[in-house]
Each structure stands twice: as structure tokens, then as C-alpha cells.
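> Sequence and predicted structure, then a few things I'm wondering about:
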Number of protein chains: 2
Amino acid sequence: MSASQDSSPANRNRILGSLPLEEYNRLAPHLEPVELELRKIIQESGDAIRYAYFPGNGVISIVACMRDGSTVEIGVVGPEGMVGIHALLGIESTPNESMVQVPGDGMRIRIGTLLDEFRRGGALQDLTLRYLYAFMMQISQTAACNRLHTVEERLARWLLMCHDRVEGDELALTHDFLAMMLGVRRAGVTGAAVALQAEGYIRYSRGHVTVMDRKALEEFVCECYAAVKAEFDRALMH
Amino acid sequence: MSASQDSSPANRNRILGSLPLEEYNRLAPHLEPVELELRKIIQESGDAIRYAYFPGNGVISIVACMRDGSTVEIGVVGPEGMVGIHALLGIESTPNESMVQVPGDGMRIRIGTLLDEFRRGGALQDLTLRYLYAFMMQISQTAACNRLHTVEERLARWLLMCHDRVEGDELALTHDFLAMMLGVRRAGVTGAAVALQAEGYIRYSRGHVTVMDRKALEEFVCECYAAVKAEFDRALMH
DNA sequence: GAGCTTGAGTACGATAGCGTACGAATGAAC
DNA sequence: GTTCATTCGTACGCTATCGTACTCAAGCTC
């Protein structure tokens, strides 16, 4: 029996919602609801990791930062996963930064508390390690995709990954932010966005993208999208 | 007390060599020595993961493969780590491929046996999870590096990472193989190699690179090299 | 030592993306 | 309704890398 009974953030999150009741009940007193506000940095590069976050909805970007300030997204986290998984591996901080791309809500819990449960070796450990595998495949495909595919393809992939984790077809995103995620110029995003819009896949207007034709986007996007999705399905199904 | 007493492959490997004797002795009867032969694929993309490999020396590339046959390396493994860590996360196979880049030797062990020990939650779990963190940082930096840095910088990084894991200054590598690792054309590697050679950093001749001036290479390489190294040191020190 | 295979150097036109910059349009603020 | 900051569209010269292809040299085989 699982903990999925209502639609609280805890139960919209796939990891928390898949826990057996016994484990969930041990964690529940320590879970605090949090709002995930647009553009909020919930984990600063290099800072001590104090909380793990389990989104109920919304999308969070995990970003690698360079010394000169340029950034590249290495993965996204939605209700299927968690932020702060690095800390479960036994380290206290990480150079990666976590930023809210699509606002939502979720639950957070102190890392120490979560680690205690993780180290019991039960369902939480199993679920988080499987998620970790999926996330690792996402990073690894991103590494390949960054090397081999065009800005247009990568923008399409990003939009699809976001769309998968959100209700509705509209996303609040500026070209500037997408440029930071994709690691390209703002003007580069504009060019790609114009192209995708010309094909009728999306519609853009001042910080708002609408996915108009998801099916067509899926046909246009590079293989990386499906590859990552397949690994998520494989690792997280049960 | 640790298991590092002689110079068998088991004890040249950092993970095995850091295990407390009790844990090491439980694993020891199941460790088989293996030779890591140049260019051998020790884990095929999509195949069931049957063994974990702990190199005593040599370098193994973990590679993402695309449908069209193009490949990009996402990370390297040497005596500091292991191949097959994916399986500790609870999955049976992965699309990544593992190939020997610098020949050497090591120990292997059946995944089931290793998983049993991993699930006891002792030092092996701690060591492998910390290594996993370091490896994840390597992939993540590679994703960023692939997006932001030139072929020359990335070649320098690759050579330094290899050099760190090998005794001596000579590596047996063709431009063709480096092209597969860096995800560029063979001619692109040649161009970069010529440039590094002109600066006196390396010397190249028919499948053999020699690192001539490591210090200068370290000054030339992009920040990604030091960033990954710092995370390895941080995660694996004890 | 002749022939063959493998690996390296080079060339060249094509193209994607860069850095930069400027202006237009939208939406919010007053 | 006017002002202003934000966001987007576009342009232009520049560079890195691509795709392809040809040649040359080294080392192995017979």
C-alpha cells in the first residue's frame, strides 16, 4: 500500500507518493510544504545542502556554472524526482545550482532526516537510487546532445521535457533564460524560437511559450528526448 | 585498518583498497582478476550488466552512443573508480558503453554479489556512492564543456585526465579514437593535436601521444579539468 | 624491398553559432 | 495616455567546426 491518497504536494511527487506507508509516516512529520517561486535559486552553487526538495509540480533546472558566469543546464527535475540527491551520496555541497524554471509547490525535508531514512536501506533508498540512475542518464544524454545537435533541436528537447512535467501548454520563459539553460546566446534562442514558431510547433510572445503541436515537436526533436524518456520509464516504473 | 597491503590489482584500486578488512574479506573470494585489453568493450550498450570492474590500472571510457553510430564520451574510469556502478542503482542494463582506452588490469565481481554487500550499508556503500557523486560531476562538467569549449581545450582535458590515471607519459591513441571520444571529426582531432604539438605540450606519432609538458597543458586546458579534479578530491578523500 | 594497410596531415567550400549592436514592440507603472 | 524597462527580432562580420576528399608516411607482411 502506498501513501498516494490525496493530492497534497507530497503525493503528487512520485518518490514520496511511492513510499510504503510505514516509511512515509516516518518522514511525514518532517516534511514542510514549500512554494517554488519562479526563478528562485533553491540551492546555490557551493553552499551546504540543507534540504532536499520534492516538487509536487513545477520544474527545477540543475545548472553547471562556469567561472566567467556562463551557465549550462545539465538536467531538469519535476514531480518525478527530487533536488538534493547529491547529498544522499555523502557529500555536503556541490558546484551545481538549482533554480526554479516553472513555479509550483512541493515538500522539503532536512537532509539529515532524509539521510537517516535513506540509510535504513528500504524503499526510499531504492526509489532514490533508481531516480539517480535516471537523472544520470539525463546528464549523460545532455553531454552528447550538447556536442552533436543544433540549437533548434535542443530547444525543442527542452520544451518537451518541460511540457512533460507541467499541466497545460503554456510556459513562462524568456529567451534570456532559455539561453542560459541551453548555453547559447540570447539571439541564438530567438533564431531557434522563430524557426519552431514558423513551423507551427510553438507560439511565442514576451516571456510566454505555448506548445501548439506537441506531436510535431516530438517528430522534430533529436533522439535524445526519447532516449532519456525511455530510461526514466525503465528506471522509475514499478 | 584497510585492505591495502600488497600491489595486487585489488589494492591498486582505490575503492577496493579503501575497504575495511572485514568487508574486503567478504568480497575477496568472489573477485576475479581480469586483463583490460586495449579497445575491448567490457560493457556493451543495452546488454545486461553482469560484472562490476575495478581497474588496478588502465583507463576505461564510458560512452554515449547515438543511433547513427556517432559516439561521445561522458566520462573516464581509472584505478580511482569502478565500471558498472549503474547496476548498484538497481537497474539491469544501460545504454552507455564501456571501452578500454588504456590497457591494464583489474578485478571483476558478479553484480549480484556486489549488490549484496552494497545493501549491507557499510563502507562499500559509502565509497561507491561517493565515487558515484564524483562521476556524476564529471559527466555534468563534460556536458558544459562540450557546449562551451574548443576542441583543443577538450583534447587537452582528455589527455590530462588520462595522464592522471596512468603511469608514464605515453598513451597509445589514434586520432580516430580520440575523435570518437570527443565527438568530433578525425580531422578535427588532427588539427587540435597539431596545435598542441606546435606549442610543445605533446608529441604525436602514429598512434602514440607523449605528454611533454604537463604543466603547460594544465595552464592551457579549460577550467573543467580542475573543476572535476577538485570534486574527485573532495568526494574521495577520507 | 615491394606492396599493402593504417594513421596522419592538409585543403576547401559550407554552415552553425558567436559577439555585438540597434531598433521595435509589448506591457507595466505612473 | 505617456513613460519606461523588458523582451524580442534582426543584422553583420567573424570563427570554429563540419563534411569530404586527397595525399603522404610509417610500419607490417610476404
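Arrived safely. Residues are numbered from 1 along each chain as shown, chains lettered A, B, ... in the order given.
> Tell me who's in contact with the most centrally placed residue in chain A.
Compute the mean C-alpha point of chain A, and by C-alpha atoms, centre = their mean the closest residue is A:Val77, 1.6 Å away. In this structure, A:Val77 makes contact with A:Pro55, A:Val59, A:Ile60, A:Ser61, A:Ile62, A:Val83, A:Ser98, A:Phe135, judged by C-beta atoms under 8 Å, 6 or more residues apart in numbering or on different chains. C-beta coordinates here come from the backbone N, C-alpha and C atoms, glycine included.
> Can you tell me the element the last one falls in?
Put plainly, it is A:Phe135. Following DSSP states H and E, one finds A:Phe135 within helix A:123-148.
> is chain B contacted by that helix?
Yes. On the criterion C-beta under 8 Å from any C-beta of the partner chain, helix A:123-148 is in touch with chain B at A:126, A:129-130, A:132-133, A:136-137, A:139-144, A:146-148.
> if we can go back for a sec, tell me the bridge partners for the residue nearest to the centre of chain A.
In this structure, A:Val77 bridges to A:Ile60 when assessed by DSSP bridges.
> Tell me the pLDDT of it.
If you check A:Val77, the pLDDT there is 98.
> Next: the one 5 residues further on.
We have a pLDDT of 98 for A:Met82.
> separation between the closest residue in space to it that isn't next to it in sequence and chain B?
Leaving aside its chain neighbours, A:Met82 sits nearest to A:Phe54 (5.1 Å; criterion: C-beta to C-beta, 6 or more residues apart in numbering or on different chains). According to C-beta to the nearest C-beta, to the nearest Å, A:Phe54 and chain B sit 19 Å apart.
> Quick check, A:Phe54 in contact with A:Leu114.
No. Applying C-beta atoms under 8 Å, one finds A:Phe54 not in contact with A:Leu114, separated by 9.6 Å.
> Can you verify A:His163 is assigned to a helix?
Yes. Under DSSP: H, G, I helix; E, B strand; the rest coil, A:His163 falls within a helix.
> Check which element follows the worst-scoring helix or strand of chain A on mean pLDDT along the chain.
Here the helix or strand of chain A ranked lowest by mean pLDDT, DSSP states H and E is helix A:9-12, holding a mean of 78. Of the helices and strands lying after helix A:9-12 in sequence (DSSP H and E), the nearest is helix A:14-17.
> Now the phi/psi pair for the residue nearest to A:Met82, please.
Dihedral angles of A:Phe54 (phi, psi; degrees, to the nearest 10) stand at phi -120, psi 100.
> Burial check on it, number of neighbours?
Using other C-beta atoms under 10 Å in any protein chain shown, A:Phe54 has 27 other residues around it.
> For it, give me the pLDDT.
As predicted, A:Phe54 sits at a pLDDT of 98.
> Could you check how far it is from B:Glu44?
35 Å (C-beta to C-beta, to the nearest Å).
> all helices for chain A, in order.
A:9-12, A:14-17, A:21-27, A:85-88, A:111-118, A:123-148, A:151-164, A:175-182, A:186-198, A:214-220, A:223-236 (DSSP state H).
> need the residues of chain A near chain B, please.
Near chain B, when you scan chain A using C-beta under 8 Å from any C-beta, you find A:62, A:64, A:66-67, A:70, A:72, A:74, A:86, A:88-91, A:94-96, A:119, A:121, A:126, A:129-130, A:132-133, A:136-137, A:139-144, A:146-148, A:183, A:223, A:227, A:231, A:234-235.
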